[in-house]
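>>> got a predicted model here, sequence first, then my questions.
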Amino acid sequence: MNTKTFSFAALAIASAMVAVPGAVAAKYPEKPVTLVVPFPPGGTSDTVGRIYANSLAKAMGVTVIVENKGGAGGTIGARYVAQSAPDGYTLLLGTSSTNGTNSAVYKSLPYDAVNGFTPVTEIIRVPGVLAVNKNFEAQTYDDLVKLVKAHPEQYTYASSGAGGATNLAMEYFKSFDNLKITHVPYRGTGPALTDVMGGQVPMIWDTLVSSLPHIKSGALVAIAVAGPERVRELPEVPTFAEKGLPTYEAEMWNGVLAPAGLPADVLEALHKASVQALSDPEVRTKYEALAARVIANSPEEFKKVITDDVAKWKKVAVDAGIEQQ
């Protein structure tokens, strides 16, 4: 083989080698995709994940398996995905806990909430809500703030757990007006709601997903919602921004993340399919029934959400004196 022939042959081989990864990626997905939900079945995140997974399966033309890996505030499932191969076949239903508040409350988080993943898209956001027992003496935002300021440390609030997203959200709210309200942590949202409705604790910080039915029934009274605008289901309830806190943001979110190092073309295909899945009117209706709004943003926008959340909640935890676990 002369030099010229060898050069052409080498060029052909090199071109083929370069083309292989693209050719393989172009076939993605070739097999079922697993969506890891880092919480037990039956909860809000599980519901959100299954709605997304069913629609994503239609958009991608493959089976999307939902696998629950609960425990340790979502860290077990998140770590599993962070350590998985970055091939697009193992995804995480990330939350504002796994990739937000957990960074503030765990001393040794077994994954990097920001750099340990490839953000795909945010699925939904759900406003937080400050609600009180129907018989509590303060039934409006202004009356509540006035009452608490007049009697510092006399009143308590419930949350779904110490160091959790709802605990941090309430501490963040308290910091704006230096309100003195004592935290009563519960092991889950259910017991917390039960005691607030029963009058053992006068108020609760929660997400609208779990509180909305009780607000609609009259067992709880919503004081304010932590979203950019009033909630359609509760048009009479003001936002915190309307009550003079324009920079206060405490929405809970769910989003899709892959392990760090996901190839750009796989990310592009996955993002495109996710946006298509979230554009389905039936999917949007299901999420709206959870008092959630669909986001479907870009990977870059989603990464900024995570980065900003981690920084914000770390500061809130330090300022509130919340001990790391």
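Done, it's in.
>>> run through the residues that contact residue 286.
In this structure, residue 286 makes contact with residue 51, judged by CB atoms under 8 Å, 6 or more residues apart in numbering. The C-beta positions use only the backbone N, C-alpha and C, and glycine is treated the same way.
>>> so it sits in a helix?
Yes: under DSSP: H, G, I helix; E, B strand; the rest coil, residue 286 sits within a helix.
>>> how far away is it from residue 50?
The gap separating residue 286 from residue 50 is 10 Å, by CB to CB, to the nearest Å.
>>> the nearest residue to residue 105 once chain neighbours are set aside: which element?
Leaving aside its chain neighbours, residue 105 sits nearest to residue 163 (3.6 Å; criterion: CB to CB, 6 or more residues apart in numbering). Residue 163 belongs to no helix or strand when assigned by DSSP states H and E.
>>> list the contacts of residue 163.
By CB under 8 Å, 6+ apart, the neighbours of residue 163 are 73, 101, 104-105, 317, 322-325.
>>> which residues in the stretch 101-250 of the chain form strands?
For the stretch 101-250 of the chain, applying DSSP state E, counting those that start in this stretch gives strands covering 117-126, 128-133, 156-159, 182-185, 203-207, 220-226.
>>> looking at the ones you listed, spot the one closest to residue 291.
The closest of the strands of the stretch 101-250 of the chain to residue 291 is strand 117-126. By CB to CB, the value is 6.1 Å.
>>> quick one: list the elements packing against that closest one.
helix 44-60, strand 90-95, strand 252-259, helix 264-278, strand 293-294, helix 299-320 (3 or more CB pairs under 8 Å, 6 or more residues apart in numbering; DSSP states H and E).
>>> residues in contact with the first one?
Read that as helix 44-60. Counting by CB under 8 Å, 6+ apart, 29, 33, 35, 37-40, 63-66, 68, 93, 95, 123-124, 126, 207, 209-210, 254, 256, 273-274, 276-278, 280, 282-283, 286-287, 290, 292 sit against helix 44-60.
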